[in-house]
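**Student:** all I have is the shape, not the residue letters:
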């Protein structure tokens, strides 16, 4: 890897470790391998969002041309959010694409992602199903996102009715995650979700 | 007598021309304005001669513009100073007509302080790459506490930049980088790494601190 990229990451590492956000446990960065090409990020769900109380793990891949090109970031923790794919964890965020600037750092990227969790952009979606729910059924979206945060990110338990519905599907032999995706996509309509799974 | 009236009229015309150029070219050509103030003595002469209300009126208007002319090139003066001077000049010529007051109230227009070039580039409140939380290799050895200047792209401190034969440069948007980083950044993104202002390779220059 290019010298400047390694040097930058090393220094950014120090920056993140020293930052006050780490002290508040809002963001975290860890090394995955020794040559600084891959990192593991972690952000906590911002308060007053359905992600509150959850910890979301991110995969950060640093390209050879860093910092002149953005790092490749995606969610490893499954999340229900209009701008993040519920399947792959791919993120739709301008600063990770054409709006990247070389003076941005891992710290600012993680903070931007945290901001994205508090302010979704449903008009520029990554996950069309989630975005539609966000716009048409905001209450169900909120509960669903909260449910996912509990299931995958360790946030506190929320709505027992959803768990009961998932259990119904699991009991007939459906994989739990698949049941959750189907129910979430069909606004927790058990019949429609079952139909979509077995069709 | 007729010749006197004629000369008065001529003077009056000239005065109005000066006043006109003053209004129009005021902001554009400072040098021009300064040179036109050579006419100042003749104008004042006119004031002294004239007893008629009409002429005093004209001169006072004219004179107050001249005061303004004198004040223009010295942008360093603050607004209140300029205003005080205008008022003093006005009192000197005992002009009480409403025209003068109107002229005076229009004055702040001319004597505006001109830090405008700071405002027309609208950049967000990023810092200028001057950070004190990232150590850039070299240790701080100066006794007075000085903010360390680092290139916000490679995070090298100014001393590290100089010792590796690089240079601190500033973009036209006022952000400071090392020359190799800004070159690379403009080549790959065509914009400022700090504020994303569109930049070409000719829109930065070295700075010497």
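**Tutor:** That came in fine, so what should we check first? Everything numeric here is computed off the predicted structure, so don't read it as measured data. Numbers count the residues shown, from 1 in each chain, chains lettered A, B, ... in the order given.
**Student:** where does chain A dip in pLDDT?
**Tutor:** Residue ranges of chain A with pLDDT under 70: A:1.
**Student:** flag every residue of it that's near chain B.
**Tutor:** Chain A comes close to chain B at residues A:4, A:7-8, A:11-12, A:14-15, A:18, A:65, A:67-69, A:99-104, as judged by Cβ under 8 Å from any Cβ of the partner chain. Every C-beta, even on glycine, is put in place using the N, C-alpha and C of the backbone.
**Student:** can we see that at 6 Å?
**Tutor:** Counting by Cβ under 6 Å from any Cβ of the partner chain, chain A comes close to chain B at A:4, A:11, A:15, A:67, A:68, A:101, A:102, A:103.
**Student:** farthest pair within those?
**Tutor:** Maximum pairwise distance among the residues of chain A next to chain B (Cβ to Cβ): 18.4 Å, between A:15 and A:68.
**Student:** between these two, who's got more neighbours?
**Tutor:** When residue A:15 is set against residue A:68 and neighbours are counted by other Cβ atoms under 10 Å in any protein chain shown, the residue ahead is residue A:68, at 22 against 19.
**Student:** can you give me the helices in chain A?
**Tutor:** A:3-18, A:20-23, A:106-118, A:128-136, A:138-153, A:160-171, A:176-185, A:190-198 (DSSP state H).
**Student:** and residue A:99, how many neighbours?
**Tutor:** Residue A:99: 14 surrounding residues under other Cβ under 10 Å.
**Student:** again, but for residue A:55
**Tutor:** The local packing of residue A:55 (other Cβ under 10 Å) involves 17 other residues.
**Student:** how close does it sit to residue A:154?
**Tutor:** According to Cβ to Cβ, to the nearest Å, residue A:55 stands 6 Å off from residue A:154.
**Student:** and what of residue A:124?
**Tutor:** The gap separating residue A:124 from residue A:154 is 28 Å, by Cβ to Cβ.
**Student:** now residue B:180
**Tutor:** Residue B:180 is 44 Å from residue A:154, by Cβ to Cβ.
**Student:** same deal with residue A:60?
**Tutor:** Residue A:60 is 20 Å from residue A:154, by Cβ to Cβ.
**Student:** of those two, which one has the most company?
**Tutor:** Higher neighbour count among residue A:60 and residue A:154: residue A:60, with 20 against 13, using other Cβ under 10 Å.
**Student:** okay, and the beta partners of the closest residue to that one other than its chain neighbours?
**Tutor:** Leaving aside its chain neighbours, residue A:60 sits nearest to residue A:39 (4.2 Å; criterion: Cβ to Cβ, 6 or more residues apart in numbering or on different chains). Residue A:39 has the following beta-bridge partners by DSSP bridges: residue A:31, residue A:60.
**Student:** distance of residue A:39 from residue A:136?
**Tutor:** From residue A:39 over to residue A:136 the distance is 37 Å, taken as Cβ to Cβ.
**Student:** for residue A:88, same thing?
**Tutor:** 23 Å.
**Student:** got phi/psi on the closest residue to residue A:120 other than its chain neighbours?
**Tutor:** Closest residue to residue A:120 apart from its sequence neighbours, by Cβ to Cβ, 6+ apart: residue A:82 at 4.6 Å. Here is the backbone geometry of residue A:82 (degrees, to the nearest 10): phi -60, psi -30.
**Student:** just to revisit the earlier point, what number of residues lie near the residue nearest to residue A:60?
**Tutor:** Residue A:39 has 22 neighbours, counted by other Cβ under 10 Å.
**Student:** quick one, what contacts it?
**Tutor:** For residue A:39, the contacting residues are A:29, A:32, A:60, by Cβ atoms under 6 Å, 6 or more residues apart in numbering or on different chains.
**Student:** how many neighbouring residues does the closest residue to residue A:126 other than its chain neighbours have?
**Tutor:** With Cβ to Cβ, 6+ apart as the criterion, residue A:126 has its nearest non-adjacent residue at 3.7 Å, and that residue is residue A:92. As a burial measure, residue A:92 scores 18 neighbours (other Cβ under 10 Å).
**Student:** any idea how far chain B is from residue A:92?
**Tutor:** The gap separating residue A:92 from chain B is 19 Å, by Cβ to the nearest Cβ, to the nearest Å.
**Student:** is it correct that that residue is in contact with residue A:82?
**Tutor:** No. Using Cβ atoms under 6 Å, residue A:92 is not in contact with residue A:82; the gap is 8.5 Å.
**Student:** how much space between the residue in chain B positioned nearest to chain A and residue A:27?
**Tutor:** Closest residue of chain B to chain A, Cβ to the nearest Cβ: residue B:193 (3.7 Å). The spacing between residue B:193 and residue A:27, counted by Cβ to Cβ, is 22 Å.
**Student:** compare these two and say which is more crowded by neighbours.
**Tutor:** Set side by side, residue B:193 and residue A:27 show more neighbours around residue B:193, with 27 against 21, by other Cβ under 10 Å.
**Student:** which non-adjacent residue is nearest that one?
**Tutor:** residue A:102 (3.7 Å).
**Student:** residue A:46 now?
**Tutor:** Excluding the flanking residues, the one nearest residue A:46 by Cβ to Cβ, 6+ apart is residue A:118, at 4.5 Å.
**Student:** try residue A:88
**Tutor:** Nearest non-adjacent residue to residue A:88, counting by Cβ to Cβ, 6+ apart: residue A:74, 6.9 Å away.
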